[in-house]
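K.L.:
let's see this in three dimensions:
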Amino acid sequence: MNHTPGPWSWNKNNWRGEEDLYYAYVAGDRYENEDGTQVSTGICRVEGNATSQRTTEANARLISAAPDLLAACERIAEFIDFPRSCNCDRCEAGRAIISAIAKAKREPNNAPTNQA
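P.N.:
Predicted coordinates for the structure are as follows:
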């Protein structure tokens, strides 16, 4: 199964106007409804309170960047070899990228697929 295509965005809200209940809403692809209103696919709601507002926003920003981060990781993994026999920082970082891609796609981690 594929994820909702990016770009994703986020916005912040107070829950029903109560200042102590706070959330950030992450949304995906926008489209026009039959009646002409703009709607978007809901991805998630990150909940918090007044004291965790900055953390809630940071989490929402990170989640909304997920499709872009995945695409960037896939692009890097496409062009660089990370041989298993090498333990340098570059190859270890590359294998971490491949592992993150597998985690995002729920694929078995066969890192690295490119071997020298």
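K.L.:
how about stretch 94-110: buried residues?
P.N.:
G94, R95, I97, I98, A100, I101 (16 or more other C-beta atoms under 10 Å). C-beta: built from backbone N, CA, C; applies to glycine.
K.L.:
helices - which of those residues land there?
P.N.:
Mapping the buried residues of stretch 94-110 onto helices (DSSP state H) picks out G94, R95, I97, I98, A100, I101.
K.L.:
pLDDT at the last one, what is it?
P.N.:
Looking back up the chat, that one is I101. The model reports I101 with a pLDDT of 92.
K.L.:
doesn't R75 make contact with it?
P.N.:
No: I101 lies out of contact with R75 (C-beta atoms under 8 Å); the separation is 10.5 Å.
K.L.:
so which of the ones in helices among the buried residues of stretch 94-110 comes closest to A71?
P.N.:
I101 (10.1 Å; C-beta to C-beta).
K.L.:
torsion angles phi and psi at the closest residue to that closest one other than its chain neighbours?
P.N.:
Once flanking residues are discounted, I101 sits nearest to C73: 5.3 Å by C-beta to C-beta, 6 or more residues apart in numbering. With angles defined as degrees, to the nearest 10, C73 sits at phi -60, psi -40.
K.L.:
so which residues make contact with stretch 43-55?
P.N.:
4, 8, 10, 12, 15, 19-28, 56, 59-60, 63-64 (C-beta atoms under 8 Å, 6 or more residues apart in numbering).
K.L.:
in TSV, list the buried residues of stretch 94-110 along with distance to R45.
P.N.:
Converted to TSV, the buried residues of stretch 94-110 look like this (distance: C-beta to C-beta, whole Å):
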residue	distance to R45
G94	34
R95	34
I97	29
I98	31
A100	24
I101	26
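K.L.:
what's the closest of these to G36?
P.N.:
Looking across the buried residues of stretch 94-110 and measuring by C-beta to C-beta, the closest to G36 is I101, at 38.4 Å.
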